[in-house]
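Peer 1: model this:
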Amino acid sequence: MSIVPHPRTFATCQSLAPIQNNVSTSPPIKSFAALFFCKLRQSITNAFAGGEMATASSSSGDSSRTAASENDGGESERRSRILSSKLYFDVHTSKAPLIYSPSYDISFLGIEKLHPFDSSKWGRICRFLIAEGLLDKKHIVEPAEAKREDLLVVHSESYLDSLKSSLNVSTIVEVPPVALLPNCLVDKYVLYPFRKQVGGTVLAAKLAKERGWAINVGGGFHHCSAEKGGGFCVYADISLCIHFAFTRLNISRVMIIDLDAHQGNGHEVDFSDDKRVYIVDMYNPDIYPFDYEARRYINQKVEVASGTATNEYLSKLDGALKVAADSFDPELIIYNAGTDILDGDPLGRLKISPDGIATRDEKVFVFARERGIPLVMLTSGGYMKSSARVIADSIINLSKKSLINMESVQNIVAT
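Peer 2: Got it, this is the predicted structure:
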């Protein structure tokens with residue numbers, strides 16, 4: 001297993017062939033007047049050439065200064081938006097660092113049944129946790145909705161405007177009938193739930209910094225980048241979360257551990273030239289998104305072919321975490337914990353058992369705990385009805401292994 005560094009763009013130079021001073025075969029100049037005009041013409045030619053070169057050089061310099069100025073202005077505007085955002089807020093210690101809203105779940109006229117993704121899994125995860133006595137509903141943190149100004153921290157105006165087209169949204173969420181709906185309904189019943197989940201992912205970093213860990217029961221839209229959505233991912237919540245952490249949490253190094261079955265091409269594009277972010281991506285190369293360009297931006301690429309079973313998968317994960325530990329020292333970990341690696345998942349095409357997923361999550365939490373690194377867990381992909389139960393059981397296992405602590409919440413309430 002090798003570390004794949006960020007690609008870099010290097011300036012290349014071409015050697016200039018020496019100018020050949022060949023002996024002229026033209027007839028000799030007959031007079032001083034002819035010589036004078038010849039030299040005058042050469043001087044004028046050189047003067048114009050020099051002027052063009054100077055102008056080109058000046059233009060190049062102006063362009064560089066303009067680009068730098070625009071970049072500085074963009075960063076200043078981004079910082080201003082982050083500092084004025086309401087996505088970060090104080091959470092009482094009686095609440096668990098587990099984030100969910102009933103608004104996460106997508107349900108409208110049955111359109112949610114037209115995509116293999118279980119768009120009600122988030123609520124079912126929480127119901128399982130409550131039924132098992134691990135959590136009380138009143139201890140769940142409800143996030144704020146990510147507003148347009150929040151989304152502009154990463155996304156462009158043009159991308160957000162493109163979501164005013166129901167056709168564009170239908171393409172991103174891969175549900176063609178959405179194209180036939182009025183955009184006001186698409187915004188309310190499709191985009192709004194995603195914006196709430198974005199708010200949850202962003203807030204999770206703050207809670208993780210304060211409590212050591214946080215779980216957003218939704219989020220993990222790793223196919224969406226600043227300028228492009230796809231694969232049921234409309235907003236780049238991981239990129240937004242990291243930029244908020246850079247500015248508000250005084251964090252300068254983030255590791256993304258993406259263990260969804262699909263390649264996380266969205267965040268890979270967004271942080272393609274950012275050394276502050278180290279990406280471990282363990283994915284099936286035989287399935288969507290086939291983004292070969294984005295693969296160049298993965299620091300540690302671990303490919304697991306279709307049919308990979310539990311023991312082999314976990315062995316590769318152990319090796320990946322060891323390399324990651326030796327390569328980067330993060331101050332925050334974003335763990336994209338997709339369950340589409342589950343045996344039988346129609347899109348992931350891997351053969352990992354439910355217990356294997358619990359062990360996988362445990363290994364990542366141990367990795368963070370042993371190094372004292374705050375960890376954000378996102379549930380990401382998973383295209384079977386059984387995924388909700390598997391995720392809930394994994395969270396219960398984390399609690400039993402004391403890798404997350406829900407008991408302190410109950411004790412605070414009791415006292």
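Peer 1: how much space between residue 250 and residue 396?
Peer 2: Using Cβ to Cβ, to the nearest Å, residue 250 is found at 33 Å from residue 396. For glycine as for every other residue, the C-beta is placed from the backbone atoms N, C-alpha and C.
Peer 1: Compare those two and say which is more crowded by neighbours.
Peer 2: Set residue 250 next to residue 396 and count neighbours by other Cβ atoms under 10 Å: residue 396 wins out with 19 against 9.
Peer 1: Contacts only, for that one.
Peer 2: 129, 132, 134 (Cβ atoms under 8 Å, 6 or more residues apart in numbering).
Peer 1: make it 7 Å
Peer 2: The contact partners of residue 396, taken as Cβ atoms under 7 Å, 6 or more residues apart in numbering, are 132, 134.
Peer 1: same check, this time on residue 95
Peer 2: 139, 141 are the contacts of residue 95 under Cβ under 7 Å, 6+ apart.
Peer 1: Shouldn't it be within a strand?
Peer 2: No - the assignment for residue 95, made by DSSP: H, G, I helix; E, B strand; the rest coil, is coil rather than a strand.
Peer 1: Would you map the helices across this protein?
Peer 2: With DSSP state H, the ranges of helices along the chain come out as 32-84, 121-131, 148-151, 157-162, 166-173, 183-186, 192-211, 237-248, 265-270, 292-295, 310-327, 354-371, 387-400, 407-414.
Peer 1: which stretch among those comes nearest residue 346?
Peer 2: helix 387-400 (11.8 Å; Cβ to Cβ).
Peer 1: tell me the mean pLDDT over that closest one?
Peer 2: The average pLDDT for helix 387-400 rounds to 98.
Peer 1: List the buried residues for that helix?
Peer 2: Within helix 387-400, the residues that qualify as buried are 387-399, counting by 16 or more other Cβ atoms under 10 Å.
Peer 1: Tell me which two of those residues sit farthest apart.
Peer 2: Greatest spacing in these, by Cβ to Cβ: 387 and 399 (18.9 Å).
Peer 1: contacting residues around residue 124?
Peer 2: Residue 124 makes contact with residue 388 under the criterion Cβ under 7 Å, 6+ apart.
Peer 1: gap between it and residue 406?
Peer 2: 19 Å.
Peer 1: low-scoring pLDDT stretches of the stretch 301-415 of the chain, where are they?
Peer 2: For the stretch 301-415 of the chain, the stretches flagged by pLDDT under 70 are 407-415.
Peer 1: and the residue nearest to residue 86 when sequence neighbours are not counted, how far is that from residue 79?
Peer 2: Excluding its sequence neighbours, the residue lying closest to residue 86 (Cβ to Cβ, 6 or more residues apart in numbering) is residue 144, at 5.7 Å. Applying Cβ to Cβ, the value for residue 144 to residue 79 is 19 Å.
Peer 1: neighbour-wise, which of these two wins?
Peer 2: The residue with more neighbours, out of residue 144 and residue 79, is residue 144; 19 against 15, by other Cβ under 10 Å.
Peer 1: how about that one, phi and psi?
Peer 2: Backbone dihedrals for residue 144, given as degrees, to the nearest 10, come out at phi -90, psi 160.
Peer 1: cool, the one 10 residues further on as well?
Peer 2: The phi and psi torsions at residue 154 (degrees, to the nearest 10) take the values phi -120, psi -50.
Peer 1: Based on its surroundings, how many neighbours for it?
Peer 2: Residue 154, neighbours per other Cβ under 10 Å, totals 25.
Peer 1: For the strand ranked longest in the chain, which strands pair with it and how are they oriented?
Peer 2: The strand that spans the most residues within the chain, counting by DSSP state E, is strand 277-283. Using DSSP bridges, the strands paired with strand 277-283 are strand 254-258 (parallel), strand 300-303 (parallel).
Peer 1: Can you check which of the ones you listed gets nearest to residue 358?
Peer 2: strand 254-258 (16.2 Å).
Peer 1: so how far is that closest one from its chain's centroid?
Peer 2: 9 Å (Cα atoms, centre = their mean, to the nearest Å).
Peer 1: Identify all contacting residues around that strand.
Peer 2: So strand 254-258 is contacted by 222, 238, 242, 245, 264, 267, 276-281, 324, 328, 330, 332-336, 364 (Cβ under 7 Å, 6+ apart).
Peer 1: What of stretch 158-171?
Peer 2: Contacts for stretch 158-171 (Cβ under 7 Å, 6+ apart): 148, 151, 176, 178-179, 181, 183, 186, 190-191, 227, 234.
Peer 1: now do stretch 279-289
Peer 2: 223, 230-231, 255-265, 267-268, 271, 298-306, 316-317, 320, 324, 347-350.
Peer 1: For the residue positioned nearest the centre of the chain, which non-adjacent residue is spatially closest?
Peer 2: Centroid check for the chain by Cα atoms, centre = their mean gives residue 267 as the closest residue, at 2.7 Å. Of all residues not flanking residue 267 in the chain, residue 238 sits nearest, at 4.6 Å (Cβ to Cβ, 6+ apart).
Peer 1: right, and the one you found touches residue 225 too?
Peer 2: No - using Cβ atoms under 7 Å, residue 238 is not in contact with residue 225; the gap is 9.9 Å.
Peer 1: Show me which of those two is the more surrounded one.
Peer 2: residue 238 (33 against 25).
Peer 1: Per-residue pLDDT of the more buried one, please?
Peer 2: Reported pLDDT at residue 238 in the predicted model: 99.
Peer 1: any idea how far residue 281 is from it?
Peer 2: Counting by Cβ to Cβ - residue 238 and residue 281 are separated by 12 Å.
Peer 1: ok, back up a step: most tightly surrounded among the strands paired with strand 277-283?
Peer 2: strand 254-258 (a mean of 26; mean count of other Cβ atoms under 10 Å).
Peer 1: just to revisit the earlier point, give the contact list for the residue nearest to residue 267.
Peer 2: Taking Cβ under 7 Å, 6+ apart, one finds 201, 222, 256, 267, 334, 336 in contact with residue 238.
Peer 1: No further questions, thank you.
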